[in-house]
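Asker: kindly generate the corresponding structure for this input.
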Amino acid sequence: MSKRHLIDTSRVLAIVMGGGRGSRLFPLTQDRSKPAVPLVGKYRIVDIPISNCINSGITKVYLLTQFNSASLHRHISQSYKFDHFTGGFVELLAAEQTLEGESWYQGTADAVRKNLVHLENQDWEYCVILSGDQLYRMDFSEVLETHIETKADLTVATLPVEREAAKGFGIMQIDNNRRITRFVEKPQEDEVLDSLVIPSSNYEDLGIKAQNELLLASMGIYVFKRKVLDELLENDLTDFGKDIIPNAITSHRVFSHVFQGYWEDIGTICSYFEANLDSTSELPHFNFFDMSSPMYTRARFLPASKINGAGIDHAVISDGCIISWAQISHSVIGVRSTISPGTRLHRVIALGNDYFESAESIEQHEEKGLPRIGIGANCRIDNAIIDKNARIGDNVTITPEGKDENVDGDNYYIRDGIVVIPKNAVIPSGTVI
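Answerer: Below is the predicted model:
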């Protein structure tokens, strides 16, 4: 029997953190919130935590938002509709001004605190708090089982990481019962890192199969008892990772659930780009084809893609695309993309289009000397992200080669050595970037 059947998930509430301004993912977050950024052709980042909840039997989900949330609201309302009998929902709670407070969310803990009033009338015993910018597949009922078995007040999902990676995480130290005894935020000194290394004698008990030196990093995934969540938020502390968790270690029973699967923070342009490209591998780290725990998204009812004489190698092609006599390698092509003859794409993430352009619209734009929506003929594009609804003319070259790592250009940006063409950009024919 699956562990999820041992847990009454009807008494579990999930809260997905919508994130802040998303400055690390700019310019993809220029007009949308971080969870609304498209992912691997047809999904959005927020589909990952919500799908993990649904696959874990958790159907009461709140999504806390604050910045550029219009497209996120639209996606959620069109994607996640439960029947009247299960009592399930995915509901957005946007930052709001009230008589008690007029400020925006100051951090993750502050965001939850300001929305506790909306949770009061729900019947729940445990709360799972999730980040909205991570790529992973997890059965949360296993975390809940750890939480219940250890009689924990708070459980933190942790990931074994190598020493160098540990410098970018909050690192936990646990005792032989998996109780967290120490927390250090982004340790840098060798002496501190040495003291936080997991004893190799504990690997088997923790289910760790590796032989190298590892430390336990917080994944930003937490399970709280209802009463404990209320208690720990009776203050002005703003962040779970920096404030609430370290303080709780000394006052409450805080335990670790060690996760062994693939997990990636995709909150930067570089990590987002590489995670998307990894999906084009023969054996990707994250398998979207695993139908035992599928990833859900909006049903668009698009036609199958049409390929005319194109050469395609190691690519993900989404629904509704028309690709004609182009060469595409190690690339992700989003929904409704059009790619014209003679064009070559290598290591490109094309986010697709929101609509099919009508013949009338094409004619009107051509009269103004503007290219049609999509990628024109005889273009050369590599190591780039093409955001939605971009109009790229013929004979355009886009490459970061020979340029600085970070550049703000005219109708383009370079971040981490990756060219980003922003949403609705118009790149005239013959342009060289």
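Asker: next one: Gly309 from Ile322, what distance?
Answerer: Counting by C-beta to C-beta, to the nearest Å, the gap from Gly309 to Ile322 is 12 Å. Using the backbone N, CA and C atoms, a C-beta is placed for each residue, glycine as well.
Asker: okay, these two: which has more neighbours?
Answerer: In terms of neighbours (other C-beta atoms under 10 Å), Ile322 is the more surrounded of Gly309 and Ile322; the figures are 17 against 9.
Asker: that one contacts Pro303, correct?
Answerer: No. Taking contact to mean C-beta atoms under 8 Å, the distance of 9.6 Å between Ile322 and Pro303 leaves them out of contact.
Asker: what touches both of these two?
Answerer: Shared contacts of Ile322 and Pro303 (C-beta atoms under 8 Å, 6 or more residues apart in numbering): none.
Asker: got any ranges where the chain has weak pLDDT?
Answerer: Scanning the chain for pLDDT under 70 picks out 1-6, 20, 22, 96-103.
Asker: where's the nearest residue to Phe356 once chain neighbours are set aside, which helix or strand?
Answerer: Distances taken as C-beta to C-beta, 6 or more residues apart in numbering put Arg336 closest to Phe356, at 5.9 Å, once the chain neighbours are dropped. Using DSSP states H and E, Arg336 falls within no helix or strand.
Asker: what's the answer for Asn115, then?
Answerer: Secondary structure here is read from DSSP H and E; on that basis Asn115 sits in helix 108-119.
Asker: the helix or strand following that helix pairs with which strands?
Answerer: From helix 108-119 onward toward the C-terminus, using DSSP H and E, the following helix or strand is strand 126-131. Based on DSSP bridges, the pairing partners of strand 126-131 within the sheet are strand 12-17 (parallel), strand 215-225 (antiparallel).
Asker: got those strands as TSV, with distance to Asp175 and mean neighbour count columns?
Answerer: Supplementary listing: these in TSV, determined by distance: least, C-beta to C-beta, whole Å; neighbours: other C-beta atoms under 10 Å:
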stretch	distance to Asp175	mean neighbour count
strand 12-17	27	24
strand 215-225	12	24
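Asker: so which of those gets nearest Gly261?
Answerer: strand 215-225 (10.6 Å; C-beta to C-beta).
Asker: and the next element down the chain from that closest one?
Answerer: Per DSSP H and E, strand 215-225 leads on to helix 226-232 as the next helix or strand towards the C-terminus.
Asker: could you give the number of residues near the closest residue to Ala111 other than its chain neighbours?
Answerer: With C-beta to C-beta, 6+ apart as the criterion, Ala111 has its nearest non-adjacent residue at 4.0 Å, and that residue is Tyr105. Per other C-beta under 10 Å, the neighbour tally for Tyr105 reads 23.
Asker: for Tyr105, identify the helix or strand it belongs to.
Answerer: When elements are defined using DSSP H and E, Tyr105 is found to belong to no helix and no strand.
Asker: distance of it relative to Gly87?
Answerer: Noted for Tyr105: a distance of 27 Å to Gly87, by C-beta to C-beta.
Asker: now Ala111
Answerer: Here the distance between Ala111 and Gly87 works out to 24 Å (C-beta to C-beta).
Asker: of the two, who's got more company?
Answerer: Taking Ala111 and Gly87 together and counting by other C-beta under 10 Å, Ala111 has the greater number of neighbours (25 against 12).
Asker: verify the contact between the more buried one and His118 for me.
Answerer: No. Taking contacts as C-beta under 8 Å, Ala111 lies outside contact range of His118: 11.6 Å.
Asker: mutual contacts of the two, please.
Answerer: Listed as contacting both Ala111 and His118 by C-beta under 8 Å, 6+ apart is no residue at all.
Asker: hang on, the earlier thing: could the strands paired with strand 126-131 go into TSV alongside distance to Arg372?
Answerer: Supplementary listing: these in TSV, determined by distance: least, C-beta to C-beta, whole Å:
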stretch	distance to Arg372
strand 12-17	37
strand 215-225	42
